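Peer 1: got a predicted model here, sequence first, then my questions.
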Amino acid sequence: MTEAHGGPVLGLIEGFYGRPWSWDERHRIVDFLAANGFDMYVYAPKDDPLHRARWREPLPQAELREFERLAGRCAEAGVDLVYGLSPIDLAHGDQAGVELLVSKSLQLRELGVDSFCLLFDDPPDDPPTGAAERTKAARWQASVANAMLAGVRSAAARGRFILCPTEYCGHGETPYRQSLGEMLQPGIEVFWTGRQVCSATITADDLAPIAQSLRRRPLIWDNYPVNDGEMRWDLHLRPLRGRAADLPAACRGIVANGAIGPESTRIALHTLAAYWRDPTRYDPEVAWGPALDAVTGDAADAAALRILGELARRSPIEPGDEPPVPWMEAFWARWELAGDDRAAALAEVESHMKRASAAAAHLLAGTADRPLLREIEPWALKLRAWVETVRSALGLLRGTSEPIETAIRLERTQAMPHRVADARFEEFARRCLARAGHSRLDFPR
């Protein structure tokens, strides 16, 4: 088994679909990375056209100036800047395209960028399924990576060189991975996301057959806290979990894919850094508190974000499609046992509503001057709407609300796309309607 350049790395990749971060946001995230023990930042935003859709075009002077500034900032911070290219339409045998990849990388090398990444993930067409075709694709991609490595090395670039393969997740041996491992130069590291694209858990056992096929330990591309595509409605504010204590010794490092919001990304990154420092004793919930405190810098903001995060738990690394909300489940048990004396049960759930309402109000009040709160504003608005809906639903049990009012609130809240325990809040409201003698079929859904 070969080993690539440098030691194990902790990094961040801007590798999501959606609006790329601004240059100022990148400078700020580099400072955050440096302060929290990260070694690397990979530039690979899917929707930067010059990275992917129009990768053949040289970088204009304005872009080059920005990369030069970013390279300087990274050098000062001790963070390795890795420049990525995704040749999405590079056909088999297109040697002219390979030369373009090298020449474009050399534009960055002249500015002091020392590390590079080649990405063959998420091609526009489905990859071939036959073993021979998969082997052919792997050998071509390996030859492109080898040629790029030789090109940047000839220009005295001595940093990392990383490949993201088309098969970047899964388990066991495949013709593609076997061929890739045979062909790739030893100095090339390979990204891997685990058994799934967004893996709930990753262990050393998951990586063992991958390392054997690739003939090198993989570099983990961790798809948390990324929230692009269909996940863009989920906040991913919670701590990293599901990464085994034996994982760091089995991989070349972990590179987290950032969320669309650079400010909220920092919370998960802070917990990743805690895991990396001490994976054996890492506890997600224990690490979450210091992360909220450090990223917000304000105790009231941290408390309000915790309340929102406790509800907005939907993500690939949390259990189930929509994790339960304990106090909602407990309410109905108390309601049934209380008989005619249900005031205490109503008071208990109202205390949770008051807490959630205060959190939403606090977060919304700070959006004007705090970038993090501005990022999470849609979820704060959704939380406020759910509070109003549930209070209306509770009014049905008290006899102080009209069913049609609750139904309308429910429909309007459901129409808001950002998710905050949506399935749980909807279930709660509809159970209130049913307990008040109103079938859910009588009301819009």
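Peer 2: Arrived safely.

Peer 1: only C-alpha atoms from now on, for both contacts and neighbour counts.
Peer 2: Noted.

Peer 1: wait, Trp55 touches Gly84, no?
Peer 2: No. Look at Trp55 against Gly84 with C-alpha atoms under 8 Å: they stay out of range, at 10.2 Å.

Peer 1: neighbour count winner among those two?
Peer 2: For Trp55 versus Gly84, neighbours defined as other C-alpha atoms under 10 Å are more numerous around Gly84 (25 against 21).

Peer 1: skipping adjacent residues, who's closest to the more buried one in space?
Peer 2: Among residues not flanking Gly84 along the chain, Cys117 sits closest, at 4.3 Å (C-alpha to C-alpha, 6 or more residues apart in numbering).

Peer 1: list the contacts for the one you found?
Peer 2: Residues counted as contacts of Cys117 (C-alpha atoms under 8 Å, 6 or more residues apart in numbering) are Val42, Val82, Tyr83, Gly84, Leu85, Phe161, Ile162, Leu163, Cys164.

Peer 1: moving C-terminal of the least confident helix or strand in the chain by mean pLDDT, what's the next helix or strand?
Peer 2: Least confident helix or strand, the chain: helix 326-338 with a mean of 84, by mean pLDDT, DSSP states H and E. Remark: after helix 326-338, the chain's next helix or strand is helix 343-365, criterion DSSP states H and E.

Peer 1: I'd like the next helix or strand past that following helix.
Peer 2: Helix 343-365 is succeeded, C-terminally, by helix 371-375 (DSSP H and E).

Peer 1: any idea of the mean pLDDT in that following helix?
Peer 2: Across helix 371-375, pLDDT averages out at 97.

Peer 1: from the chain's centre, how far out does it sit?
Peer 2: Put simply, helix 371-375 sits 17 Å off its chain's centre (C-alpha atoms, centre = their mean, to the nearest Å).

Peer 1: same for that helix, what does it pack against?
Peer 2: helix 262-277, helix 343-365 (3 or more C-alpha pairs under 8 Å, 6 or more residues apart in numbering; DSSP states H and E).

Peer 1: rank these by pLDDT, which is bottom?
Peer 2: Lowest mean pLDDT within these: helix 343-365, a mean of 94.

Peer 1: got the buried residues for it?
Peer 2: Within helix 343-365, the residues scored as buried using 16 or more other C-alpha atoms under 10 Å are Ala345, Leu346, Val349, Glu350, Met353, Ala356, Ser357, Ala359, Ala360, His362, Leu363, Leu364.

Peer 1: does Phe116 count as helix, strand or coil?
Peer 2: Classification of Phe116 using DSSP: H, G, I helix; E, B strand; the rest coil returns strand.

Peer 1: so it sits right up against Arg160, yeah?
Peer 2: Yes. Taking C-alpha under 8 Å as the definition, Phe116 is a contact partner of Arg160 at 6.4 Å.

Peer 1: neighbour count winner among those two?
Peer 2: Using other C-alpha under 10 Å, the more surrounded residue of Phe116 and Arg160 is Phe116, with 25 against 20.

Peer 1: which residues touch the more buried one?
Peer 2: Neighbour list for Phe116: Val82, Tyr83, Gly84, Ser105, Gly159, Arg160, Phe161, Ile162 [criterion: C-alpha under 8 Å, 6+ apart].

Peer 1: now do the strand or helix carrying Glu427, average pLDDT.
Peer 2: Per DSSP H and E: Glu427 is located in helix 422-435. Taken as a whole, helix 422-435 carries a mean pLDDT of 93.

Peer 1: stretch 298-313 too?
Peer 2: Averaging pLDDT along stretch 298-313 yields 97.

Peer 1: where along the stretch 1-150 of the chain do the helices fall?
Peer 2: In the stretch 1-150 of the chain, the helices defined using DSSP state H, counting those that start in this stretch lie at 23-35, 61-77, 95-109, 131-154.

Peer 1: cool, thanks, talk later.
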